[in-house]
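A.B. asks: kindly generate the corresponding structure for this input.
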Amino acid sequence: MLDLVLRKQEVLEENWVEKVIPKLVDEILKNYEKYDSLNYLEGKDLPSKDIVIDVLEHLLTILFPGYYGKRQIIISNIRSFLNNTLNLITDKFVWEIDRSLKYICRKIETCPEDVCIRRSQLVVKEFLEQLPTIRVYLSLS
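C.D. replies: Numbers count the residues shown, from 1 in each chain. Have a look, this model is predicted:
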């Protein structure tokens with residue numbers, strides 16, 4: 001192994017870090033500009049990972065009551081639990097989808113001002129209405 005390492009020796013210039021790093025920074029910055037869809041700089045109009053995870057955890061408590069969640073669900077308060085959880089999910093989910101759509105709109109710069117919020121509300125409504133069907137499919141597996 002040492003032979004391999006010694007055979008591949010290259011002579012490095014003195015102060016190579018000071019010479020190489022600035023050039024590398026310039027190349028990476030150009031790459032950031034060209035492939036900006038990979039960036040999450042300033043987090044503008046992109047969904048929050050923490051909020052998406054929170055929404056998913058709430059969805060799991062609806063899909064599998066009693067198995068997931070931070071509090072115990074009692075049959076006598078299940079209606080209240082579902083109402084509160086669905087309202088919470090709706091608010092957060094609409095907000096995160098709206099942010100995602102605005103990110104797309106910002107790229108094309110031709111969207112009317114309220115199109116993203118209306119579309120996000122429709123997406124959330126259609127998704128949440130499928131929860132009973134999703135539970136049916138889950139029960140079959």
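A.B. asks: beyond the longest helix along the chain, next helix or strand please.
C.D. replies: Criterion DSSP state H: the longest helix present in the chain is helix 78-108. Downstream of helix 78-108, the next assigned helix or strand under DSSP states H and E is helix 115-128.
A.B. asks: CA atoms of that following helix as CSV?
C.D. replies: Written as CSV, here are the backbone C-alpha positions of helix 115-128 (Å, rounded to 0.1, in the frame of the first residue of the first chain):
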residue,chain,number,x,y,z
VAL,A,115,-53.0,31.4,-8.3
CYS,A,116,-50.5,29.6,-6.0
ILE,A,117,-52.7,29.8,-2.9
ARG,A,118,-55.8,28.7,-4.7
ARG,A,119,-54.0,25.8,-6.4
SER,A,120,-52.5,24.7,-3.1
GLN,A,121,-55.9,24.8,-1.4
LEU,A,122,-57.3,22.6,-4.1
VAL,A,123,-54.4,20.2,-3.9
VAL,A,124,-54.8,19.8,-0.2
LYS,A,125,-58.5,19.4,-0.4
GLU,A,126,-58.2,16.7,-3.0
PHE,A,127,-55.5,14.9,-1.1
LEU,A,128,-57.3,15.0,2.3
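A.B. asks: by how many degrees do the helix or strand just after it and helix 115-128 diverge?
C.D. replies: Next helix or strand after helix 115-128 toward the C-terminus (DSSP H and E): helix 131-140. Orientation of helix 131-140 against helix 115-128 (axes from the mean of the first three to the mean of the last three Cα atoms, to 10 degrees) gives an angle of 40 degrees.
A.B. asks: circling back to that earlier point, so which elements touch the longest helix of the chain?
C.D. replies: helix 49-63, helix 115-128 (3 or more Cβ pairs under 8 Å, 6 or more residues apart in numbering; DSSP states H and E). C-beta here means a position set from N, CA and C on the backbone, and glycine is covered the same way.
A.B. asks: residue 97: which of the ones you listed is closest?
C.D. replies: Nearest to residue 97 among the helices and strands packed on helix 78-108 is helix 115-128 (3.7 Å), distances taken as Cβ to Cβ.
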